[in-house]
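In: structure for this input, please:
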Amino acid sequence: MSHIIPITDFLDPALDLYARLTENQLLNRADPTHGMFIAESPKVIERALNAGCRPISFLVEDRHVDGEAAGVLARCPDTPVYTAPFSVLKDLTGFALTRGALCAMYRPVQPSVASLVDQAARLVILENVVNPTNVGAIFRSAAAMGMDGVLLTPGCSDPLYRRAIRVSMGTVFQIPWTYLDRDTWPAPTIDTLKQAGFTTVSMALKPDSLRLDDPTLKAADKLAIILGTEGDGLADDTLAACDHTVIIPMYHEVDSLNVAAAAAVTFWELGRHRE
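Out: As a prediction, the model looks like this:
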């Protein structure tokens, strides 16, 4: 039986997680062992639970306690469930709840870079991708198209931002990822990848780039696919360190795609031969 707590006091400190702390305060990247995040919707909460994330409390629209949220609440019978009608929760959180449920959770322990490199054949590396919507969409495509893991430079938006989690449909909990140390990118990380047998490819609009459908890429046993920030693309020293730059062939004088769209196309082309 869930521990149901009707909301009677908006100033209850237990509700600070949902209403008064910023996402940066919650996530606490400076000290991840004390970090938290908010998962939104029963499906996303379920994926986080399946990945081993530990819940702190739930915030649920009262009509969903025995409805769409019932399954995830049943999995966490000892976790407090704060509940109220939609009109009250909307005023409390400042926006409509997706599927009527939020869950505050402790930030999971991320794998080491070495373990990701050792276990992967297809790695994605994001360099300073700052838009959480793009980060979430890239994770969803990476999971769907068979990528094995994601490495992020410190300048990237956190995959545990609420919007990133929502856009990813919870796939940030299904594909392993971790941050690179600031002083390891691009070297020595790219050197380490090459020593581990990876062919490193940067997605960039360069005259000497390989086409995405080049047989050289499909023949590679291991690929590390590097995508850059939305505006400026990849840094020059990143491009110089990689084995190849790669371009998506386009038509009608279109020269580029949004980074999330480019990621989906790239992951499909370079991952589908593994079926």
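In: wait, isn't Gly170 in contact with Glu40?
Out: No - taking contacts as CB atoms under 8 Å, Gly170 lies outside contact range of Glu40: 9.2 Å. To be clear about C-beta, it is placed using only N, CA and C from the backbone, and glycine gets the same treatment.
In: and the strands in the chain?
Out: Applying DSSP state E to the chain gives strands spanning 3-6, 36-40, 55-61, 80-84, 101-106, 122-126, 149-152, 177-179, 199-203, 210-211, 223-227, 244-247.
In: mind putting those into TSV with mean pLDDT?
Out: As requested, those are arranged in TSV below (pLDDT from 0 to 100):
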stretch	mean pLDDT
strand 3-6	90
strand 36-40	93
strand 55-61	93
strand 80-84	91
strand 101-106	94
strand 122-126	97
strand 149-152	98
strand 177-179	97
strand 199-203	96
strand 210-211	92
strand 223-227	97
strand 244-247	94
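In: residues touching Phe58, list them.
Out: Applying CB atoms under 8 Å, 6 or more residues apart in numbering, one finds that Phe58 lies in contact with 2, 69, 72-73, 76, 79-82, 101-104.
In: save the strands of the chain as JSON lines, and put in distance to Leu217 too.
Out: Output for the strands of the chain, formatted as JSON lines (distance: least, CB to CB, whole Å):
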{"stretch": "strand 3-6", "distance to Leu217": "53"}
{"stretch": "strand 36-40", "distance to Leu217": "35"}
{"stretch": "strand 55-61", "distance to Leu217": "42"}
{"stretch": "strand 80-84", "distance to Leu217": "49"}
{"stretch": "strand 101-106", "distance to Leu217": "38"}
{"stretch": "strand 122-126", "distance to Leu217": "11"}
{"stretch": "strand 149-152", "distance to Leu217": "18"}
{"stretch": "strand 177-179", "distance to Leu217": "23"}
{"stretch": "strand 199-203", "distance to Leu217": "7"}
{"stretch": "strand 210-211", "distance to Leu217": "7"}
{"stretch": "strand 223-227", "distance to Leu217": "7"}
{"stretch": "strand 244-247", "distance to Leu217": "7"}
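In: to Arg162, which of those strands lies closest?
Out: Nearest to Arg162 among the strands of the chain is strand 36-40; the distance by CB to CB comes to 5.1 Å.
In: and for Arg163, the neighbour number?
Out: As a burial measure, Arg163 scores 15 neighbours (other CB atoms under 10 Å).
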